[in-house]
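K.L.:
what's the 3D shape of this:
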Amino acid sequence: MKTVVLYVTCDNQDEAKSIGRVLVSERLVACINILPPIQSLYWWNDEIQEETEIAFLAKTTAENVERISQRVKELHSYDCPCIISMPIENGNPDYLKWIEKETQKC
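P.N.:
Below is the predicted model:
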């Protein structure tokens, strides 16, 4: 089973925690790491925007990515949230097994 890390940006820490808690409680992800505030510059509505955002990393399996993306879109305040999946090529085998174990439906 392939493991991945998702990168998701949120409007604020409360939103990141709220979304993260749902993803963990539904066993879609094994773990969420909420990062400190970041400065984001991006195009939106034909203008360059500059905002402070919160990002989180979520560890999961590749088979869960589509469902996670759907759930994040349902819970997120943004019209077009950043949800990016990156494969984990290598890592601690015990940790990667833990991710797989914790994201299995009971």
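K.L.:
what about the nearest residue to Cys10 once chain neighbours are set aside, helix or strand, and which?
P.N.:
Leaving aside its chain neighbours, Cys10 sits nearest to Ala16 (4.2 Å; criterion: CB to CB, 6 or more residues apart in numbering). To be clear about C-beta, it is placed using only N, CA and C from the backbone, and glycine gets the same treatment. Element membership for Ala16 (DSSP states H and E) is helix 13-25.
K.L.:
List the contacts of that helix.
P.N.:
Surrounding helix 13-25, the residues in contact under the criterion CB atoms under 8 Å, 6 or more residues apart in numbering are 8, 10, 29-32, 34, 54-56, 58, 68, 71-72, 75-77.
K.L.:
let's go with 7 Å and repeat that
P.N.:
If you take CB atoms under 7 Å, 6 or more residues apart in numbering as the criterion, helix 13-25 is touched by 10, 29, 32, 34, 54, 56, 58, 68, 71-72, 75-77.
K.L.:
So which residues of the protein form helices?
P.N.:
13-25, 65-75, 93-102 (DSSP state H).
K.L.:
how about the ones you listed in JSON lines, adding mean neighbour count, distance to Glu47 and mean pLDDT?
P.N.:
Formatted as JSON lines, these follow (neighbours: other CB atoms under 10 Å; distance: least, CB to CB, whole Å; pLDDT from 0 to 100):
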{"stretch": "helix 13-25", "mean neighbour count": "17", "distance to Glu47": "23", "mean pLDDT": "98"}
{"stretch": "helix 65-75", "mean neighbour count": "15", "distance to Glu47": "23", "mean pLDDT": "98"}
{"stretch": "helix 93-102", "mean neighbour count": "13", "distance to Glu47": "39", "mean pLDDT": "96"}
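K.L.:
And the strand ranked longest in the chain, what does it pack against?
P.N.:
As assigned by DSSP state E, the longest strand anywhere in the chain is strand 47-61. The contact analysis (3 or more CB pairs under 7 Å, 6 or more residues apart in numbering; DSSP states H and E) places strand 47-61 against strand 3-10, helix 13-25, strand 31-34, strand 38-44, helix 93-102.
K.L.:
All good on my end, thank you.
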